[in-house]
Structure formats: C-alpha cells, structure tokens
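Novice: Below are the sequence and a predicted model for it; my questions follow.
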Amino acid sequence: MTLLEMAAEYRQNVAVMRERLLLLRAELKLCEDEVQRMELNRRIRDLTALCREGREMALIMERYYEGRGSYGRP
C-alpha cells in the first residue's frame, strides 16, 4: 500500500468520524441529564481530536511525494 492509498483511507475514516460527530452533537442538544451531557462532551472532544489528527496525517502522507513532508522540507 502506498502513502497515497493510506491517505485516502485516513480521509474516508475521518468522514465516518465526522458523521458520528454530527450524531453526537444532535444527541447532546436533546440530552437533559448532566452526567450524560458531560460524557457526550468528552466523546465529542476526543473524536474531534481524532478527526484533526487524521486529517493532518492524510495531508502529511499526500505531501510526502511532493517533497513537502510534515516538517516543511523543500
């Protein structure tokens, strides 16, 4: 598997996670129990971080072949 193929898989996984985030946020709006709200907020925070990291990793892998790796090398 090439890095470009891996990057595409990362982007697909991020899309799935973003859909889950939409569901969790909708659930949060309807939730009245404070303990459940805290748990939903934690899950949203954690999943948001995973989405961000997945997008960043996909970009790093895509740019690897362009000579612009994650550290800004020419």
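Specialist: Yep, that arrived. Residues are numbered from 1 along each chain as shown.

Novice: Could I get the full set of helices for the chain?
Specialist: Across the chain, reading from the start of the chain, the helices by DSSP state H fall at 3-30, 34-64.

Novice: Using JSON lines, lay out those helices together with mean pLDDT and mean neighbour count.
Specialist: The way it works is simple: take the backbone N, C-alpha and C, and place the C-beta from them, glycine included. Listed next are the helices of the chain as JSON lines, based on pLDDT from 0 to 100; neighbours: other CB atoms under 10 Å:
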{"stretch": "helix 3-30", "mean pLDDT": "97", "mean neighbour count": "13"}
{"stretch": "helix 34-64", "mean pLDDT": "96", "mean neighbour count": "14"}
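
Novice: Off-centre distance for stretch 51-63?
Specialist: Between the mean C-alpha location of stretch 51-63 and the chain-wide mean there is a distance of 9 Å, by CA atoms, centre = their mean, to the nearest Å.

Novice: how close does the spatially most central residue of the chain get to residue 32?
Specialist: Note on the chain: the residue nearest the mean C-alpha position is residue 51, at 0.9 Å, using CA atoms, centre = their mean. Taking CB to CB, to the nearest Å as the criterion, residue 51 is separated from residue 32 by 27 Å.

Novice: What are the neighbouring residues in contact with residue 58?
Specialist: Residue 58 sits next to 7-8, 10-11, 14 when contact means CB atoms under 8 Å, 6 or more residues apart in numbering.
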